[in-house]
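Student: Predicted model and sequence follow; I will ask about them next.
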Amino acid sequence: MKIAAITDDGQTISKHFGRAAHYLVITVEGDEIVDRELREKLGHAHFTHESHDPHQSDAPHGMGPRAAHRHARMAEAIQDCEALLCGGMGYGAYESLRQRGIRPIVTDIEDIDEAVQAYIEGRIEDQWHLLH
């Protein structure tokens with residue numbers, strides 16, 4: 001199984017999905033971490049030249065068709081992962097990942113190894129109420 005975490009330093013989980021520079025992809029066999037791979041992650045800076053969806057007061061942040069396309073492009077690098085650990089993200093990114101079959105988990109655990117272990121043991125809690 002592969003689990004991704006958003007990170008800037010390869011050791012801690014970033015607080016913001018759109019701003020993080022990398023994914024750290026952890027390969028787990030049984031209950032053991034057997035591999036780590038740092039992958040580049042597209043983020044807000046990669047899309048500054050693209051137009052954004054007009055804001056609609058009745059729609060959650062990041063839910064328009066252009067945002068969905070950007071979120072899909074951001075998720076391409078981790079399509080082989082079953083879950084994504086993050087410290088925070090927008091509602092649109094969360095839903096886009098779910099639709100692609102990647103389980104997003106918003107956590108307050110900062111250490112990637114600790115969060116992966118909690119995921120393996122089934123004790124990590126998705127703090128989806130922190131979505132923005």
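Tutor: Happy to help now that I have it. Numbering: from 1, shown residues only.
Student: Quick check: the gap between the residue most central in space within the chain and residue 13.
Tutor: By C-alpha atoms, centre = their mean, the chain has its centre lying nearest to residue 84, at 4.5 Å. Distance of residue 84 to residue 13, given as C-beta to C-beta, to the nearest Å: 10 Å. Bear in mind the C-beta positions are built from the backbone N, C-alpha and C, glycine included.
Student: Can you name the helix or strand that the residue nearest to the centre of the chain falls in?
Tutor: strand 83-86 (DSSP states H and E).
Student: got a list of what residue 14 touches?
Tutor: 6-8, 20, 86-87 (C-beta atoms under 8 Å, 6 or more residues apart in numbering).
Student: Skipping adjacent residues, who's closest to it in space?
Tutor: residue 20 (3.8 Å; C-beta to C-beta, 6 or more residues apart in numbering).
Student: Got phi/psi on that neighbour?
Tutor: phi -60, psi 150 (degrees, to the nearest 10).
Student: From residue 80, how far out is it?
Tutor: 18 Å.
Student: Next: residue 33.
Tutor: According to C-beta to C-beta, residue 33 and residue 80 sit 16 Å apart.
Student: which of these two has more neighbours?
Tutor: residue 33 (15 against 11; other C-beta atoms under 10 Å).
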